[in-house]
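*Asks:* below are the sequence and a predicted model; questions follow.
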Amino acid sequence: MAAPRGVPRGLLGLLALAAVYFAAAKLGLMLAFVHASATAVWPPTGIALASMLLLGPRVWPAILLGAFLANVTTAGNLWTSLGIATGNTLEGVLGAWLVTRFANGSDAFERARDILSFGALAGFLATTVSATVGVTSLALGSYASWNDSGAIWLTWWLGDVAGALVVAPVLILWGRRAPDLERRDLFGLALLLAALALTGAVVFGDLLAPWVRSEPLDFLCIPALMWAAFRYRQRGAATSLAVLAGIAVWGTLHGAGPFVRETQNESLLLLQTFLVTLALTILPLAAVVRERARAEEGLARLAAIVESSDDAIIGKALDGTITSWNRGAERLYGYAAREVIGWPIALIIPRELDHELPTILDRLERGERIDNRETVRMRRDGRRIDVSITVSPTRDPYGGIAGAASIARDIGHRREVEIARRERDVLRSVAGLTAAVGHEINNPLAVVMGQAQLLARQVGGNERRRIDEMLDAVERIREILERMKHINKIVLLDGSEPMPAVLDRTESGAPPALDERA
């Protein structure tokens with residue numbers, strides 16, 4: 001709905017909040033029995049706290065206005081009503097600040113620890129401000145006796161505590177974001193509401209025989225609330241508690257239920273104590289259920305990542321017993337997970353490397369991490385493989401060393417590449433040397449051959465035969481030098497073939513591939 005012309009939208013929102021606070025206050029003051037301004041049922045505390053956590057402390061004028069109007073139209077004068085309204089406002093501001101500072105603000109209901117902090121700070125601590133300021137204002141204005149101030153303060157404070165712990169969670173959880181409900185959720189919610197209604201009728205109604213109603217049946221409220229906590233988490237638990245609280249207040253005021261006492265105020269005080277106890281039990285339980293569900297989802301994602309990894313990822317206890325074995329480990333070592341879990345990790349360590357395991361385990365017990373250690377492991381078929389392993393200690397929830405997780409990667413191919421690179425470097429060095437040697441030999445050899453050919457023309461007989469043998473030897477040397485030249489070309493132009501292959505290719509002279517490169 002659009003704001004009326006000339007009225008700022010923010011001002012209209014504050015007026016609406018003040019009206020809601022005023023209506024809730026008047027409803028709560030209808031149940032004021034110990035004093036006209038003090039009631040054990042006070043939803044406005046929850047409204048003020050939730051609005052300041054969701055909208056910020058800037059809404060305090062709306063709380064002040066609503067509280068002032070509610071009190072000035074009930075009892076007291078202008079000054080006592082202003083004092084009470086100031087106390088109510090300060091309670092909301094202080095509670096919201098404490099929760100924001102120490103309990104994660106409007107996200108306080110995401111973790112059990114923050115919920116307990118919310119209860120201690122906003123529920124028990126901040127509410128003392130309103131009760132103290134309110135009772136003091138009434139006593140100073142002579143609207144309450146100092147002798148009755150203790151009973152009034154207790155009623156005031158406990159009503160505010162219940163408002164903070166029963167009403168505020170519902171408003172905060174529903175005000176943060178819209179729920180994502182499916183059709184099956186609606187059916188489940190209908191069943192839950194039916195269970196709550198039945199529980200309320202049994203515990204706080206006249207559904208049972210009169211002699212049964214007075215029995216302590218309040219424990220029957222727990223199953224439905226636990227159902228809400230486990231199925232619908234924090235939002236469902238808070239809503240169910242609020243619904244049950246409404247039924248319980250109605251039944252207790254009409255004389256039904258296990259908390260009925262001689263006076264209605266005493267009955268409501270006992271009931272509110274019960275509801276506060278339920279809130280501090282069910283809401284943290286719902287948060288723990290949510291945290292566990294998130295943790296399980298995270299573990300499932302991590303498990304999927306581990307299983308899909310090409311690396312061998314192994315979990316082991318501090319004594320070296322294998323506790324987990326992923327598919328990468330199955331591929332690398334050849335063992336299935338069911339075959340090795342429960343066996344010692346020494347199963348894949350070669351016998352001559354047995355000394356590695358005690359050293360690694362000792363470092364893990366000291367909390368040290370082992371990074372990229374290159375070593376040798378053994379497959380199921382007995383074949384040895386070169387691996388690089390990284391081992392990290394794993395810790396229990398208390399920070400102690402519980403075991404270790406290792407990641408192993410096959411580096412056999414990398415080793416082969418490294419060896420090939422070294423061979424190539426050696427070949428290139430040899431090729432450079434042989435090229436220099438061949439060049440140095442070629443020139444004197446040409447001189448020897450030329451002189452021998454001249455002598456061969458001038459002599460005959462045995463001398464000519466010996467010169468021919470010398471020429472044959474020189475020709476063989478030239479062939480050797482030619483083969484060396486071919487090898488040099490292959491190595492210097494390519495360099496990717498191992499030495500045996502190079503020699504094979506040059507056994508019968510230069511191959512076609514060499515001719516193409518030349």
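*Replies:* Received the coordinates, thanks.

*Asks:* for the rest of this, base every contact and every neighbour count on C-alpha atoms.
*Replies:* Will do.

*Asks:* which helix or strand contains residue 371?
*Replies:* Here residue 371 sits within strand 370-378, counting by DSSP states H and E.

*Asks:* what residues sit buried inside that strand?
*Replies:* Counting neighbours by 16 or more other CA atoms under 10 Å, one finds that the buried residues in strand 370-378 are 376, 377, 378.

*Asks:* how is this structure divided into domains?
*Replies:* As assigned by automatic domain parsing, the chain contains the domains 8-178, 180-304, 309-410, 415-517.

*Asks:* least reliable of the ones you listed going by mean pLDDT?
*Replies:* If you rank the domains of the chain by mean pLDDT, domain 415-517 sits at the bottom with a mean of 65.

*Asks:* now the helices for the stretch 101-250 of the chain?
*Replies:* Ranges of helices in the stretch 101-250 of the chain, per DSSP state H, counting those that start in this stretch, are 112-118, 127-140, 149-162, 168-176, 183-204, 210-213, 221-253.

*Asks:* just checking, what packs against the fourth one?
*Replies:* For helix 168-176, the packing partners by 3 or more CA pairs under 8 Å, 6 or more residues apart in numbering; DSSP states H and E come out as helix 44-55, helix 221-253.

*Asks:* in stretch 90-101, which residues are buried?
*Replies:* 90, 91, 92, 93, 94, 95, 96, 97, 98, 99, 100.

*Asks:* for stretch 243-258, the distance to its chain's centre please.
*Replies:* Per CA atoms, centre = their mean, to the nearest Å, the displacement of stretch 243-258 from the mean C-alpha position of its chain is 41 Å.

*Asks:* check stretch 58-77 too.
*Replies:* Computed by CA atoms, centre = their mean, the chain-centroid distance of stretch 58-77 equals 44 Å.

*Asks:* same question for stretch 251-269.
*Replies:* For stretch 251-269, the distance to the chain centre is 46 Å (CA atoms, centre = their mean).

*Asks:* may I see the buried residues of that stretch?
*Replies:* Residues of stretch 251-269 classed as buried by neighbour count (16+ other CA under 10 Å): 251-253, 255-260, 264-269.

*Asks:* what's the first-to-last distance across it?
*Replies:* The first and final residues of stretch 251-269 sit 14 Å from each other (CA to CA, to the nearest Å).

*Asks:* check stretch 306-320 too.
*Replies:* 20 Å.

*Asks:* neighbours of residue 399, how many?
*Replies:* 8 (other CA atoms under 10 Å).

*Asks:* then residue 380?
*Replies:* When neighbours are counted by other CA under 10 Å, residue 380 registers 14.

*Asks:* does it touch residue 331 like I think?
*Replies:* No: in this structure residue 380 lies outside contact range of residue 331 using CA atoms under 8 Å: 10.5 Å.

*Asks:* okay, and the common contacts of the two?
*Replies:* Common contact partners of residue 380 and residue 331 (CA atoms under 8 Å, 6 or more residues apart in numbering): none.

*Asks:* about what we covered before: right, so the helices of the stretch 101-250 of the chain: which one is the most enclosed?
*Replies:* Compared across the helices of the stretch 101-250 of the chain, helix 149-162 shows the largest average neighbour count, a mean of 24 (mean count of other CA atoms under 10 Å).

*Asks:* and it, what does it pack onto?
*Replies:* The contact analysis (3+ CA pairs under 8 Å, 6+ apart) places helix 149-162 against helix 44-55, helix 127-140, helix 264-308.

*Asks:* how does it look with 7 Å?
*Replies:* When contacts are defined as 3 or more CA pairs under 7 Å, 6 or more residues apart in numbering; DSSP states H and E, helix 149-162 sits against helix 127-140, helix 264-308.

*Asks:* which helix or strand contains residue 381?
*Replies:* For residue 381, there is no host helix or strand (DSSP H and E).

*Asks:* that one: neighbour count?
*Replies:* For residue 381, the tally of surrounding residues (other CA under 10 Å) stands at 9.

*Asks:* cool, and residue 339?
*Replies:* Look at residue 339: counted by other CA under 10 Å, it has 10 neighbours.

*Asks:* with the one 4 residues further on instead?
*Replies:* The number of residues packed around residue 343, counting by other CA under 10 Å, is 14.

*Asks:* quick one, what contacts it?
*Replies:* Residues counted as contacts of residue 343 (CA atoms under 7 Å, 6 or more residues apart in numbering) are 321, 322.

*Asks:* one more time with 10 Å
*Replies:* Applying CA atoms under 10 Å, 6 or more residues apart in numbering, we find residue 343 in contact with 316, 320, 321, 322, 323.

*Asks:* make TSV from those and add neighbour count to it.
*Replies:* As requested, those are exported to TSV (neighbours: other CA atoms under 10 Å):
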residue	neighbour count
316	23
320	19
321	18
322	23
323	19
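
*Asks:* and these, which two are furthest apart?
*Replies:* Using CA to CA, the two most remote members of the contacts of residue 343 are 320 and 323, lying 9.1 Å apart.

*Asks:* between those two, what contacts are shared?
*Replies:* The contact sets of residue 320 and residue 323 overlap at 342, 343, 344, 345, 403, 404 (CA under 10 Å, 6+ apart).

*Asks:* closest to residue 41 out of those?
*Replies:* Proximity of the shared contacts of residue 320 and residue 323 to residue 41 (CA to CA) peaks at residue 403, which lies at 53.4 Å.

*Asks:* distance of residue 265 from residue 384?
*Replies:* Taking CA to CA, one finds residue 265 at 82 Å from residue 384.

*Asks:* so residue 356 makes contact with residue 345?
*Replies:* No: using CA atoms under 10 Å, residue 356 is not in contact with residue 345; the gap is 11.3 Å.

*Asks:* quick one: which of those two has more around it?
*Replies:* Legend: neighbour count by other CA under 10 Å for residue 356 and residue 345, higher for residue 345 (19 against 13).

*Asks:* give the burial count for the spatially closest residue to residue 168 that is not a sequence neighbour, as a bare number.
*Replies:* Excluding the flanking residues, the one nearest residue 168 by CA to CA, 6 or more residues apart in numbering is residue 46, at 4.0 Å. Counted with other CA under 10 Å, the neighbours of residue 46 add up to 27.
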